[in-house]
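Colleague: Got a sequence here, can you build the structure:
(one chain, ligands or ions: 1)
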Amino acid sequence: MKNELILILDFGGQYNQLIARRVRECNVYSEVVPYDISIEKIKQKNPKGIIFTGGPASVYGEGSPKCAKEIFELGVPILGICYGMQLMTHILGGTVARANKREYGTIDVSIDNSSPLLQGFEKTNGFLMSHTDYVETVPKGFKNIGFTESCPNAAIQNTEKQLYGIQFHPEVNHSMNGLQVIKNFLFNICNCTGDWIIASFAQESIQKLKEKIGDKKALCALSGGVDSSVAAVLLSKAIGKNLTCIFVDHGLLRKNEGDEVEEIFRNQFDINLIRVNAKDRFLEKLAGISDPETKRKIIGEEFIRVFEEEAKKIGTVDFLVQGTIYPDVIESGLGKSSVIKSHHNVGGLPDYVDFKEIVEPLRDLFKDEVRKTGLELGIPENLVYRQPFPGPGLAIRIIGDITDDKLNILKDADSIFREEIAKAGLHKNINQYFAVLTNLKSVGVMGDERTYDYTIALRAVETTDFMTGVWSKIPYEILEKVSSRIVNEVKHVNRVVYDITSKPPATIEWE
Ligand code: XMP
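Modeller: Numbers count the residues shown, from 1 in each chain. Here you go, the predicted structure:
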């Protein structure tokens, strides 16, 4: 899997994950490593090429991140982006200067398209520039291959040593054809073949897990979410019944979801599954509680307690499986081993589950790669493309205190909403959509009868990062159908409203 590797030295730029993604989109495996990685380690990893990322520092700044000079003697092609280019220049004897004013935005760059890095481009191309420092004079052996009105060296090369530098950011979407620059580096300069595909990842990963774990035992907390599901299936394909999965069903999942998880993992994948039906326990603890944060805390703590009780019955295991994915690894600090991922933020895994080592089979993958691996392993599409679901589940979608009756009302209403969205083919465009049981009762009329019942709110948002989002403009006819079905089919609901607030100022969840 990793015989063709591009190393990405992280100098703190905001687009570093994107660079790794773009390289992988070209079917070349890439890894982000700290900028001060040792030469020995680089040699061990034996990369086909190295990319220096951008970063906020100035090469002359005190304590600015620097790499070892010997890196330029390895004979491995290097592409320096922004700060990476300036650093290469600085270390190799060119000069870097500070402009009076920052150059920012999509800027026309005049280029020398005979360069292997810029082959296939027009003489002038728009690229995203974002810098104050710039390369004033190029190091010995380097040649200018691109400039803008205010930046004399927007691209440089030393073809003999296979060193390249660009001031612009080819990895961001605004850079038209940016991907082509990366492709040129990978295929014209590093001579990559681009044979990294996710299918081979799955097979090789299973093989490696087999070798690592042998006939020892592993334990996995399964939530039914994408990451833990894919991790569990990989492990099960590697070690079969030596894997035990504990699925704590807190009863706050969506309609039928607990049974679906069980059906998939027990029947379809024949996994050693312990399902703990703990709904009563959770509802008892939650009785009378209205405060959202208290609800979260209670669920988190209870979750850990149930998991521990089950794990204790199993006794010592050799490996604890975690569904950590690559963005978690990068965000939790490179070079350090990643913090144990909290079980979908509900409070972290228990300290005293008895295990010897953590195994994280997905730590090299981005989310979309995890999904592709899931499909490759035969996990059903509806699970692989499941929308995000909060760890505390429906508890934070019932405003006010939680009862079994309210849970059933919400499950039914939510299921109708999801069914109609899917029927209308909108599920691929709306990133998260669900029903909320408000704490509001209002007067209605049904037949000749006056009713006094609950209000259901529908929430649907379009977002890429879930940090911001806009409410989805679902066609009126669909909303009408959902509303009419909910009031007709779900007892104790006589009014349906649609949430037309974006995030910010509102959050996606109501609690
Ligand atoms: P908000 O409501 O903050 O939600 O706009 C952003 C995203 O996070 C999810 N979310 C949670 N996920 N535990 C989770 O695992 C939680 O306590 C939690 N609260 C919100 C929410 O569903 C949305 O995708």
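
Colleague: When you work out contacts or count neighbours from here on, use the C-alpha atoms and nothing else.
Modeller: Noted.

Colleague: Could you look up the SS state of the residue of the stretch 251-400 of the chain found nearest the ligand?
Modeller: Using Cα to the nearest ligand atom, the point where the stretch 251-400 of the chain gets nearest to the ligand is P390, with a distance of 3.5 Å. Here P390 is coil, with the state taken from DSSP: H, G, I helix; E, B strand; the rest coil.

Colleague: So what's the residue count around it?
Modeller: 16 (other Cα atoms under 10 Å).

Colleague: M467 now?
Modeller: Using other Cα under 10 Å, M467 has 10 neighbouring residues.

Colleague: how much space between the residue of the stretch 251-400 of the chain closest to the ligand and E310?
Modeller: 23 Å (Cα to Cα, to the nearest Å).

Colleague: now do I166
Modeller: Taking Cα to Cα as the measure, I166 falls 55 Å from E310.

Colleague: do the same with E489
Modeller: Between E489 and E310 the distance, using Cα to Cα, works out to 38 Å.

Colleague: more crowded one of the two?
Modeller: Looking at E489 and E310 with other Cα under 10 Å, you find the greater number of neighbours at E310, namely 17 against 13.

Colleague: Show me the beta-bridge partners of the nearest residue to the more buried one once chain neighbours are set aside.
Modeller: Nearest residue to E310 in three dimensions, chain neighbours excluded: I246, at 7.5 Å (Cα to Cα, 6 or more residues apart in numbering). Applying DSSP bridges to I246 yields these beta-bridge partners: A221, I274.

Colleague: Number of residues surrounding I246?
Modeller: Using other Cα under 10 Å, I246 has 20 other residues around it.

Colleague: Same check on Y104?
Modeller: 12.

Colleague: need the helix or strand of this protein with the lowest average pLDDT.
Modeller: When the helices and strands of the chain are scored by mean pLDDT, DSSP states H and E, helix 326-331 comes last with a mean of 75.

Colleague: can I assume F366 is in contact with P327?
Modeller: Yes: the pair F366 and P327 passes the contact test of Cα atoms under 8 Å, sitting 6.5 Å apart.

Colleague: Between those two, tell me which one has more neighbours.
Modeller: Neighbour comparison, F366 and P327: the larger count goes to F366, with 18 against 14 (by other Cα under 10 Å).

Colleague: List phi and psi for that one.
Modeller: Backbone torsions of F366, given as degrees, to the nearest 10, read phi -80, psi 160.

Colleague: From D465, how far out is the residue positioned nearest the centre of the chain?
Modeller: Most central in the chain under Cα atoms, centre = their mean is K367, positioned 4.3 Å from the mean C-alpha point. Here K367 is placed at a distance of 12 Å from D465 (Cα to Cα).

Colleague: same question, Y498
Modeller: For Y498, the distance to D465 (Cα to Cα) stands at 22 Å.

Colleague: Who has more neighbours out of the two?
Modeller: Regarding Y498 and D465, a neighbour count based on other Cα under 10 Å identifies Y498 as having more, with 15 against 8.

Colleague: three-state assignment of the residue nearest to that one when sequence neighbours are not counted?
Modeller: Once flanking residues are discounted, Y498 sits nearest to L458: 4.9 Å by Cα to Cα, 6+ apart. Classification of L458 by three-state DSSP places it in strand.

Colleague: how distant is the strand ranked longest in the chain from the center of its chain?
Modeller: Taking DSSP state E as the assignment, the strand of the chain that covers the most residues is strand 95-111. Strand 95-111 has its C-alpha centroid displaced from the chain centroid by 32 Å (Cα atoms, centre = their mean, to the nearest Å).

Colleague: What residues sit buried inside it?
Modeller: Within strand 95-111, the residues that count as buried by 16 or more other Cα atoms under 10 Å are T95, V96, E103, T106, I107, D108, V109, S110, I111.

Colleague: same check, this time on stretch 158-172
Modeller: By neighbour count, with 16+ other Cα under 10 Å as the criterion, the buried positions of stretch 158-172 are 158-159, 161-172.

Colleague: Out of those, which one has the lowest pLDDT?
Modeller: Within the set of the buried residues of stretch 158-172, pLDDT is lowest for V172 (84).

Colleague: Enumerate every residue touching that one.
Modeller: V172 sits next to Y15, L18, L128, G178 when contact means Cα atoms under 8 Å, 6 or more residues apart in numbering.

Colleague: Tell me the spacing between it and the ligand.
Modeller: Using Cα to the nearest ligand atom, to the nearest Å, we find V172 at a distance of 24 Å from the ligand.

Colleague: does that residue count as helix, strand or coil?
Modeller: In three-state terms, and counting by three-state DSSP, V172 is coil.

Colleague: Could I get the full set of strands for the stretch 201-350 of the chain?
Modeller: In the stretch 201-350 of the chain, the segments counted as strands under DSSP state E, counting those that start in this stretch are 218-221, 243-249, 272-277, 317-321.
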